[in-house]
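*Asks:* any chance you could fold what I've pasted below:
(one chain, ligands or ions: 1)
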Amino acid sequence: MTKHDIYEIFDKGGLLEKNFPGYEYREGQLLMAEMVRESYETNAISAIEAGTGIGKSFAYLAVALYNAMSSPDERTVIATSTINLQKQLYEKDIPMLFRYLGFSCKTALAVGRSNYVCILRFVQTRAEASLLSQDPMSELYQVGQWIKKAETGLFADYPSRLSFELRSEICCDGDLCPNHSCEYFKECFFFKAKAKAKEAKIIVSNHHLLFTDAQSRYISDVDYTEEMILPPFNRLIIDEAHNIESNATEYFTDEYDSREMLRQIHRIQRTGKYSSKSLLEQLGEYSTEVDIIDRIQDDIHLFMQEVGTLDQYLLAVFQKNDFQPVLIKVEQQGRLADFVKAAASVAEASGRLAAKINVFLEHNKAPEELDSKLAELKVRGTRISMMSEVLTRFCNFELWQDEVHWFNAESNNRDRNVQVRITPLSIAPLLVDALFTKLDTVVCTSATLDLSDQFAFWASRVGLPYDERRPFLKGIFLSPFDYQSHLMLLTPSDAPLPAKEMENPYIQYLAQTIFKAVHSAGGGSLVLFTSYVMLKQIKLMLASQFEQAGITLLAQGDLDRYTLLNRFIAEQDSTLFATSSFWEGVDAPGDTLRMVIIVKLPFTVPSDPVFKARCEAIDKSGGSGFYQLALQSATMKLKQGFGRLLRSTADRGVVLILDSRVVTKNYGVYMLRSLPESFHPETMTEGLCDKIENFLYG
Ligand code: SF4
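*Replies:* Residues are numbered from 1 along each chain as shown. Here you go, the predicted model:
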């Protein structure tokens, strides 16, 4: 593809303007496409910030498409962070662009295996729960009807919500799949999708699957010219690239999870809604080893006791720590004797259990139709051993490397479960070794990637540039939206400092100001909190006032994210209270969203162990964890929250930041400077409502 081709598509009077009704020429889009093209041509890595409204997906898709046509041996993988963008690219943007350009190539959607229904597991489950499967009201029956007509077999396409219990019984599981020898191989949704991906020249995937593929290649020493989880590919476009570090951190964290342990044990020895006999019961009669079932049951009993003891220890730690995650440092090993003892006992008990399971498997003469049950038993045993290995590694203090060791507790209404985790201190070496050095082109793009520092912060977190000889292109393409006249930023300088955030006067101030501001805007507001506790408290304080004012108040926690967003968009004057994940990915163009209120600057809580360890590592090396990580991460997030407001050229609205540090502290001023320049009149709380009303309706 040449520069000339780019201009032919994106320039004034180009293919898109000619064929796409309502298409508006955007210089930023053209320049971005040219940079992506150059990245392909020079085998470069590039970092591209494309402001909202640039049309970044068309910019990179056009290059990927031309490349597919001119270099049929090559393949581009596009990896997004969210399923929403993945779907939008595959279902909307790609077909639309291909139509307007008048040519196309084969494309495919690639998602993780567990997103597909496994026909074999469904059939087995149906056979075990034969009564239930005949009841038209049962979920199992309805899934059976769906499978008959399903095109993709993706749970996302199942027309209603599927219970976790059934989904985990019937999802594709690589460890349980006999591949070609499965009798349903030809109809298998997952393998059909895999075959389609092999044919495709552009694959739309996600960060998680990209890391799964990269890790498998790394471990098996297989390069990108061969098929692994994904087919061979040499060009990679990472969209929503601001999330690479957090997604990779999550992916590369090893974990012992007490609830997951119990789940594996239950699968071995218990019956369930969909199985009248446990695995042991189904296989036991074919064992040639005397008393083996009893011995396994004894080992399971002992193992559960040890897991329970470890749980008790960890829960006591969490109770002392207000159920916050706990960072464990190597200096503390002297105080961890009880933990080490309990963890070692779990590991030993799991070792004994795994050994018995192996004996059982070796001396079992089960008929062929029970092969899948034997395989499942083996998998359950292996998973228990693997989680126990995390405990062993955790307790081996001499071998601790550049990792973060921490305890986590999760709770829902009914119970709490505990996790012991090992997270890489930095994911940069992994990304460099497994991805950046191995691929011809890596384009990283997002609406939020640069902090007026030429990508220095973001790049340093992901290990770029790793070699000065490798071309590293950088491009910032500003949003075409008119922020100066369409967006008013209000930062009342008399807002109280949030240091003692749960104190009454501060909360009172927030509640009153939020209500008055939302009322002035007539609803249509997204209120972004940094803490769910605060969200709940303010919601409680304001619920009746919202009701009296006739403004629908939606809040995270009341409904799932998807339903909340749909209602917020459909009910034009509603207001949504939300936290973390809503700081990005909310796309509500038009009048639905007239105001974004940022309650507090989005600094990561210092109690987050991975974040804390990373800040400390920077401090230790002579830098400043606050300035080099905490401030930068918060600024990136603020930029994301700010970006929720204007989603189309015609949008107009107000961003209100109720944290006076943004104007009274030097670092606050730095944060403001990273936002697109907008109309920013000086203000006090007193005059807020008039300003909002005048700007929106004056
Ligand atoms: S091939 Fe594997 S994933 Fe597909 S239906 Fe058979 S067991 Fe399930």
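*Asks:* what does this structure put close to the ligand?
*Replies:* Residues of the chain lying close to the ligand (C-beta under 6 Å from any ligand atom) are 118-121, 172, 177, 182, 184-185, 188, 190-191. In short, each C-beta sits where N, CA and C put it, glycine included.
*Asks:* distance of residue 385 from residue 256?
*Replies:* 11 Å (C-beta to C-beta, to the nearest Å).
*Asks:* neighbour-wise, which of the two wins?
*Replies:* residue 256 (27 against 16; other C-beta atoms under 10 Å).
*Asks:* contacting residues around residue 643?
*Replies:* Going by C-beta atoms under 8 Å, 6 or more residues apart in numbering, residue 643 touches 52, 447-448, 584.
*Asks:* SS state for residue 654?
*Replies:* strand (DSSP: H, G, I helix; E, B strand; the rest coil).
*Asks:* for it, grab the count of nearby residues.
*Replies:* Neighbouring residues of residue 654 were enumerated by other C-beta under 10 Å; the total is 25.
*Asks:* so it bridges to which residues?
*Replies:* When bridges are called by DSSP bridges, residue 654 pairs up with residue 488, residue 595.
*Asks:* contacting residues for residue 237?
*Replies:* Residues in contact with residue 237, defined by C-beta under 8 Å, 6+ apart, are 36, 60, 64, 76-79, 442-443, 445.
*Asks:* Throw these into JSON lines and include secondary structure and pLDDT, thanks.
*Replies:* Below are those laid out as JSON lines (DSSP: H, G, I helix; E, B strand; the rest coil; pLDDT from 0 to 100):
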{"residue": "36", "secondary structure": "helix", "pLDDT": "98"}
{"residue": "60", "secondary structure": "helix", "pLDDT": "98"}
{"residue": "64", "secondary structure": "helix", "pLDDT": "97"}
{"residue": "76", "secondary structure": "strand", "pLDDT": "98"}
{"residue": "77", "secondary structure": "strand", "pLDDT": "98"}
{"residue": "78", "secondary structure": "strand", "pLDDT": "98"}
{"residue": "79", "secondary structure": "strand", "pLDDT": "98"}
{"residue": "442", "secondary structure": "strand", "pLDDT": "98"}
{"residue": "443", "secondary structure": "strand", "pLDDT": "98"}
{"residue": "445", "secondary structure": "strand", "pLDDT": "97"}
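*Asks:* and which of these is nearest to the ligand?
*Replies:* Ranked by distance to the ligand (C-beta to the nearest ligand atom), the contacts of residue 237 are led by residue 77 at 22.0 Å.
*Asks:* show me where the stretch 1-150 of the chain has its strands.
*Replies:* Listed in chain order, the strands of the stretch 1-150 of the chain (DSSP state E, counting those that start in this stretch) span 45-50, 76-80, 107-109.
*Asks:* out of those, which gets nearest to residue 235?
*Replies:* Minimum separation from residue 235 across these (C-beta to C-beta) falls at strand 76-80, 4.2 Å.
*Asks:* by proximity to the ligand, which residue of the stretch 551-698 of the chain wins?
*Replies:* Going by C-beta to the nearest ligand atom, the ligand is nearest to residue 562 of the stretch 551-698 of the chain, at 26.5 Å.
*Asks:* helix, strand or coil for that residue?
*Replies:* Look at residue 562: counting by three-state DSSP, its state is helix.
*Asks:* what about it, how many residues nearby?
*Replies:* 10.
*Asks:* any stretches of the stretch 101-250 of the chain with poor pLDDT?
*Replies:* Within the stretch 101-250 of the chain, no range satisfies pLDDT under 70.
*Asks:* if you rank every helix and strand of the protein by mean pLDDT, what lands last?
*Replies:* When the helices and strands of the chain are scored by mean pLDDT, DSSP states H and E, helix 130-133 comes last with a mean of 77.
*Asks:* show residues contacting it.
*Replies:* Contact partners of helix 130-133, identified using C-beta under 8 Å, 6+ apart, comprise 125-126, 138, 140-141, 144, 273-274.
*Asks:* from these, list the buried ones, please.
*Replies:* Among the contacts of helix 130-133, the ones that count as buried by 16 or more other C-beta atoms under 10 Å are 125-126, 138, 140-141, 144, 274.
*Asks:* can you redo these as TSV with distance to residue 637?
*Replies:* Rendered in TSV, the data for the buried ones among the contacts of helix 130-133 read as follows (distance: C-beta to C-beta, whole Å):
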residue	distance to residue 637
125	42
126	46
138	44
140	43
141	45
144	44
274	42
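*Asks:* still on that earlier bit, highest neighbour count among the contacts of residue 237?
*Replies:* residue 36 leads the contacts of residue 237 on contacts (other C-beta under 10 Å) with 30 neighbours.
*Asks:* that one against residue 46, yeah?
*Replies:* Yes. With contact taken as C-beta atoms under 8 Å, residue 36 and residue 46 are classed as touching, separated by 7.2 Å.
*Asks:* anything in contact with each of the two?
*Replies:* Counting by C-beta under 8 Å, 6+ apart, the common neighbours of residue 36 and residue 46 are residue 443.
*Asks:* out of the residues of the chain next to the ligand, which end up buried?
*Replies:* When the residues of the chain next to the ligand are checked for burial by 16+ other C-beta under 10 Å, the buried set is 118-121, 172, 177, 182, 185, 188, 190-191.
*Asks:* now do the contacts for the closest residue in space to residue 282 that isn't next to it in sequence.
*Replies:* Of all residues not flanking residue 282 in the chain, residue 373 sits nearest, at 5.4 Å (C-beta to C-beta, 6 or more residues apart in numbering). Listed by C-beta under 8 Å, 6+ apart, the contact set of residue 373 reads 279, 282-283, 366.
*Asks:* buried stuff in the helix or strand where residue 373 lies?
*Replies:* Per DSSP states H and E: residue 373 is located in helix 371-395. By neighbour count with 16+ other C-beta under 10 Å, helix 371-395 contains the buried residues 372-381, 383-385, 387-388, 390-395.
*Asks:* before we move on, what about stretch 3-18?
*Replies:* Buried residues in stretch 3-18, counting neighbours by 16+ other C-beta under 10 Å, are found at 5-6, 9-10, 14-17.
*Asks:* what separates that stretch from the chain centre, distance-wise?
*Replies:* Distance of stretch 3-18 from its chain centroid, counting by C-alpha atoms, centre = their mean, to the nearest Å, is 35 Å.
*Asks:* quick one: average pLDDT of it?
*Replies:* Mean pLDDT, computed over stretch 3-18, is 93.
*Asks:* export it to PDB, keeping only CA atoms.
*Replies:* C-alpha atoms of stretch 3-18 as PDB (Å, rounded to 0.1, in the frame of the first residue of the first chain):
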ATOM      1  CA  LYS A   3       0.900   6.900   0.600                       C
ATOM      2  CA  HIS A   4      -1.100   7.600  -2.600                       C
ATOM      3  CA  ASP A   5      -3.600   4.800  -1.700                       C
ATOM      4  CA  ILE A   6      -4.100   6.400   1.700                       C
ATOM      5  CA  TYR A   7      -5.000   9.700   0.200                       C
ATOM      6  CA  GLU A   8      -7.300   8.100  -2.300                       C
ATOM      7  CA  ILE A   9      -9.300   6.600   0.500                       C
ATOM      8  CA  PHE A  10      -9.200   9.300   3.200                       C
ATOM      9  CA  ASP A  11      -8.600  12.600   1.500                       C
ATOM     10  CA  LYS A  12     -11.200  15.100   0.500                       C
ATOM     11  CA  GLY A  13     -13.100  13.700  -2.400                       C
ATOM     12  CA  GLY A  14     -11.600  10.300  -1.700                       C
ATOM     13  CA  LEU A  15     -13.300   6.900  -1.800                       C
ATOM     14  CA  LEU A  16     -14.900   7.300   1.600                       C
ATOM     15  CA  GLU A  17     -16.300  10.700   1.000                       C
ATOM     16  CA  LYS A  18     -17.700   9.500  -2.400                       C
END
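*Asks:* let me know the closest of the buried ones among the residues of the chain next to the ligand to residue 26.
*Replies:* Set against residue 26, the nearest of these by C-beta to C-beta is residue 190 (39.0 Å).
*Asks:* quick one: the closest one from residue 117, how far?
*Replies:* Residue 190 sits 9 Å away from residue 117, going by C-beta to C-beta.
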